Every structure is written in structure tokens, then in C-alpha cells.
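Asks: heads up, no residue letters with this:
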């Protein structure tokens, strides 16, 4: 892969269904800028955090049937952002491939480990008590897992996310999103050496 090709690790994906309309664009070699428009404030905030801490440029414009609930919109945004990341990675030549990160937020501590393996698999361990079931009145904590499950399936990648500790749902969710972002930043980095697999292809 030439330097010119490396500088063009970008992708744009649009997904339209009867439930949602999502348009996303990613530049894996960006500077952390974000242009996010979704009807879900917390989701928009977390997408902005991914862009900043992964050092990618991320544009997302989404509408959805949020009058029913937030599930469809969160899930479909995860699908589209994941597909964008996978497409932008190309054949993955020269990338580190593996990334991990611990991120704290006050009492919460989260760990993410990512492998751009080309195989979709996610483990999400986040034991939460009753007080953490809702991040706010319309955003259940379960949607955090749904977002990352959708993303992992469409990259595709192997993704392990663990909430090591936490008592506040907002803190726990934000620590998870930020730990994913930092792990992504590490895994997408160019280190040279061709395709990082004994198979010669990912």
C-alpha cells in the first residue's frame, strides 16, 4: 500500500430502512473531528467521544423511529459506523491489528480489546445493578451492548469489552465508549510489515 493510499483510508456508507436513515463517513487518518446529528443526545455525545479519542474524523447523520424507542437507531448507527471502519481499513496491510485500552471515569473503569481479525465476535461483560439500568430515562444501559454488537458484526472484528467496576450508568457507559476509541486508535495504527496474519490475508 502506498503512502497516498494510506492517506485515503476513508469510507462513506448509507443505510435506509423503514425504521431509520443513517449516513456515516469516516477518515481513519483524521484528527478527531466530528460532525454528529442524531435524535439521541447521549449517542451523539458518545460518537463524538469515539472520534476524538480514536483520532478519526467521523460524520454521522441519523434519523429514526425514536418515538417508539431508541433501539433501532442505536443499532443501525452501530451497523453503519462499523461498516465504514471495515471498509476504510481495506486489506489491513501494515496495521497493528490488535489494540487494547483501559479508561477510567470517576468510579468506573472499562477495558476494551480489539482484533481486526475479519471475524465477527463480541464478548461484553458489564455487571450492573438496578440503579445503572438506565443511563437516563430513555436510554437503557443495554443499548451500549447493542451498539457495539452491531459495530463488531459489520467491521467485522473480535471485540472484548469489560466493565471492571462502576456504580453510575453514565460514567460506566462513557468509560466503555472511550476505552473502545483508544483501543481503535492503537489497532488501526500503521506499523509496517504487510498484512498482520500468518495466513497472509485477513
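Replies: Now that the structure is in, tell me what you want to look at. A quick note: this is a predicted structure, and the numbers were derived from the prediction, not measured. Residues are numbered from 1 along each chain as shown.
Asks: ok, the nearest residue to residue 192 once chain neighbours are set aside - how many residues close by?
Replies: Excluding the flanking residues, the one nearest residue 192 by Cβ to Cβ, 6 or more residues apart in numbering is residue 94, at 5.3 Å. Using the backbone N, CA and C atoms, a C-beta is placed for each residue, glycine as well. Residue neighbour count, defined by other Cβ atoms under 10 Å, stands at 17 for residue 94.
Asks: so residue 94 sits against residue 197, correct?
Replies: No - at 12.0 Å, residue 94 and residue 197 do not qualify as touching, with contact defined as Cβ atoms under 8 Å.
Asks: model confidence for the residue nearest to residue 192, exactly?
Replies: pLDDT, residue 94: 95.
Asks: repeat that for residue 1.
Replies: 46.
Asks: help me confirm that residue 172 comes into contact with residue 161.
Replies: No - applying Cβ under 8 Å, one finds residue 172 not in contact with residue 161, separated by 11.0 Å.
Asks: poorly predicted segments of the chain, please.
Replies: Scanning the chain for pLDDT under 70 picks out the ranges 1-7.
Asks: now with 80, please.
Replies: Within the chain, the ranges that satisfy pLDDT under 80 run 1-8.
Asks: so which residues of it form helices?
Replies: With DSSP state H as the criterion, the chain has helices at 3-6, 41-54, 71-89, 142-154, 169-187.
Asks: contact partners for residue 55?
Replies: By Cβ atoms under 8 Å, 6 or more residues apart in numbering, the contact set of residue 55 is 30-32, 185.
Asks: now, of these, which are buried?
Replies: Buried subset of the contacts of residue 55 (neighbour count, 16 or more other Cβ atoms under 10 Å): 30, 32, 185.
Asks: could you dump the helices of the chain into a markdown table with distance to residue 20 added?
Replies: Compiled in a markdown table, the helices of the chain are given as follows (distance: least, Cβ to Cβ, whole Å):
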| stretch | distance to residue 20 |
| --- | --- |
| helix 3-6 | 32 |
| helix 41-54 | 12 |
| helix 71-89 | 4 |
| helix 142-154 | 12 |
| helix 169-187 | 20 |
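Asks: what's the closest of those helices to residue 111?
Replies: Closest approach to residue 111 among these is made by helix 169-187 (6.0 Å; Cβ to Cβ).
Asks: next one: that closest one to chain centre, how far?
Replies: 8 Å (Cα atoms, centre = their mean, to the nearest Å).
Asks: do the same with stretch 98-115
Replies: For stretch 98-115, the distance to the chain centre is 13 Å (Cα atoms, centre = their mean).
Asks: which residues do residue 172 and residue 161 both contact?
Replies: Shared contacts of residue 172 and residue 161 (Cβ under 8 Å, 6+ apart): 110, 126.
Asks: for residue 63, give its distance to residue 42.
Replies: Residue 63 sits 16 Å away from residue 42, taking Cβ to Cβ, to the nearest Å as the criterion.
Asks: which one of those two has more residues nearby?
Replies: Neighbours of residue 63 and residue 42, each counted by other Cβ under 10 Å, are more numerous for residue 42; the result is 20 against 15.
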